[in-house]
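Asker: Okay, here's the prediction I keep looking at, along with the sequence it came from:
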Amino acid sequence: MKGNCSAIEVESKLENIPVIINFITDTLDGLAVDPAIIFKVQLAVDEACTNVIKHAYSGQIGIITLTCELLDDNLVITIKDKGKPFDPRSVPPPDLEADLEQRKIGGLGIYFMQKMMDNVSYEFSPEEGNKLTMRKRLTPEKAD
C-alpha cells in the first residue's frame, strides 16, 4: 500500500464538515482499517478543519484543500488553507487537572489532534499558506 492519494477541495463552511468526514471515510473504506483508528482520524480532521473555518478564515469563505496519502502503513493527511497563519505549537497544553469551573472553554482541539494522531506538524509560507500534516499508523505494531 504505497502512494494511494486522494484529494478534496471545499469552501470553508461548517456545513462542509460532513463532506470532509465522508471523504475520509470513503478513502479508508476497503482498507480493512480498524474502526477505532478511522474514528480517531475523523475526529482529528474534524477538529483541524473546524479550526481553519473558525479561526484561519474567521467566518470568511476560503478554500480548504485536504489530501490523504497512504505511505507504507501510514495515512498522511495534509490540510491546506490560505487563512491567517496559526502555529498549533503556540497553544499551551490544556490543564486537565483543573476543576471544571476553572477550565478555559475550548482549546482542546489541538490536544485531541495530537492525542488521536501519531504525528502532527505545521508549516506556513506566504506563498502557500497554512499546511497541517497529520500521520496515523493504520495497523497496530506487532509485538516481538
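Answerer: Thanks, I have it.

Asker: Next, the buried residues of stretch 126-141.
Answerer: Neighbour-count burial for stretch 126-141, with 16 or more other CB atoms under 10 Å as criterion, is recorded at 129-130, 132-136, 138. For glycine as for every other residue, the C-beta is placed from the backbone atoms N, C-alpha and C.

Asker: Out of the residues you listed, list just those in strands.
Answerer: With strands taken from DSSP state E, the overlap with the buried residues of stretch 126-141 comprises 129-130, 132-136.

Asker: re the thing from before, kindly indicate which of the buried residues of stretch 126-141 lies nearest Ser58.
Answerer: Asn130 (13.2 Å; CB to CB).

Asker: what's across from the closest one in the sheet?
Answerer: Counting by DSSP bridges, Asn130 forms beta bridges with Asp81, Phe124.

Asker: Tell me who's in contact with it.
Answerer: 52, 56, 79-83, 85-86, 122-124 (CB atoms under 8 Å, 6 or more residues apart in numbering).

Asker: which one among the ones in strands among the buried residues of stretch 126-141 gets closest to Asp72?
Answerer: For these, the nearest to Asp72 is Arg135 (10.8 Å; CB to CB).

Asker: which residue ranges form the helices in the protein?
Answerer: Here the chain has its helices, by DSSP state H, at 17-28, 35-51, 109-116.

Asker: tell me the pLDDT at the residue nearest the centre of the chain?
Answerer: Against the mean C-alpha coordinate of the chain, by CA atoms, centre = their mean, the closest residue is Val45 at 3.1 Å. Val45 carries a pLDDT value of 96.

Asker: need the helices of the chain in TSV with distance to Thr65, can you?
Answerer: TSV is the format used below for the helices of the chain (distance: least, CB to CB, whole Å):
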stretch	distance to Thr65
helix 17-28	11
helix 35-51	11
helix 109-116	18
